[in-house]
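# Predicted structure and sequence below. I'll ask about it afterward.
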Amino acid sequence: MSTHIGAGPADVAPTVLMPGDPLRARWIADTFLDDPRCYTEVRGMLGFTGTWHGRPVSVQGSGMGQPSLAIYANELFSEYGVHTVVRVGSCGALADGLALRDVVIASGACTDSSMNKITFEGLDYAPVADFGLLRAAVTTAEERGTRFQVGLLFSSDSFYPARPELAQRMVAYGVLAVEMEASALYTLAAKHGARALAICTVSDHIVTGEQTTAADREQTFGEMVELALTASLGG
């Protein structure tokens, strides 16, 4: 039994949707899954397994930040045989062309975290999405008429950064939005030979100051959940 998830070996499905917010995990399970059951409440980080169109799928909260996500992703990949994780989170828009509730499908993730610097001893590893998942998500978004963009996320270690102006340098090199988890997820998936994708909804705009409410972020970002389920499990 894993230290932080604490579920039985058969409790978690091979495909997992991973929001940061455990309450969003509960909302996803209750809204989109048939017969969801809670398999963990350890440290309040809720996890559920149910079915979607007859296919088993789990939803596991990750908490905020790459260190927290890394705990759950490592355990899912190494102890539960999970082969696919799709992050369904929120992000702050950096690029002018994004609006509130637009979806960002992350082809890759830059970061200011020291996690990869330590792992790769100073080399710049480039964490990228699984191409099959990426292609499936883009195709689904086009078919559904979703407002989306594909590109880079910036996975920051600081929600309140000491040098916020540095994010604009990322924009100059094509970064669309900032969040706090995707880089670690992509790196760990590569390590474990698994598939990963981050699909994020714009919850606030760093440039304009627009923002959604906490309740919106928890319960109204359903479009990205539909994309994640269809991309990872098929229509």
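Alright, I've got the coordinates. Here the structure is a predicted model, which means the values were calculated and not measured. Numbering: from 1, shown residues only.
# And the strands in the chain?
Using DSSP state E, the strands of the chain run over 15-18, 34-40, 47-52, 55-60, 84-93, 103-111, 148-155, 175-179, 195-205.
# for the ones you listed, which one sits closest to residue 72?
For residue 72, the closest of the strands of the chain is strand 55-60, at 6.0 Å, according to C-beta to C-beta. Bear in mind the C-beta positions are built from the backbone N, C-alpha and C, glycine included.
# State the paired neighbours of the closest one in the sheet, together with their directions.
Paired strands of strand 55-60, with direction, are strand 15-18 (parallel), strand 47-52 (antiparallel) (DSSP bridges).
# and the last one, which residues are buried?
Of the residues in strand 47-52, those buried by neighbour count under the rule 16 or more other C-beta atoms under 10 Å are 47-50, 52.
# May I see those organised as TSV, with pLDDT and distance to residue 131 added?
Below are those laid out as TSV (pLDDT from 0 to 100; distance: C-beta to C-beta, whole Å):
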residue	pLDDT	distance to residue 131
47	98	27
48	98	28
49	98	27
50	98	28
52	98	23
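# Got the confidence number for residue 78?
Residue 78 is assigned a predicted lDDT (pLDDT) of 96.
# ditto for the one 5 residues further on
Among the per-residue scores, residue 83 shows a pLDDT of 98.
# cool, residue 157 as well?
For residue 157, the model assigns a pLDDT of 93.
# For it, which non-adjacent residue is closest in space?
residue 113 (4.8 Å; C-beta to C-beta, 6 or more residues apart in numbering).
# what about the one you found, how many neighbours?
21 (other C-beta atoms under 10 Å).
# what does residue 102 give?
Residue 102 has 21 nearby residues by other C-beta under 10 Å.
# quick one on the thing from earlier: distance to residue 41 for the buried residues of strand 47-52 - can I get that in a markdown table?
Listed next are the buried residues of strand 47-52 as a markdown table, based on distance: C-beta to C-beta, whole Å:
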| residue | distance to residue 41 |
| --- | --- |
| 47 | 8 |
| 48 | 10 |
| 49 | 14 |
| 50 | 16 |
| 52 | 22 |
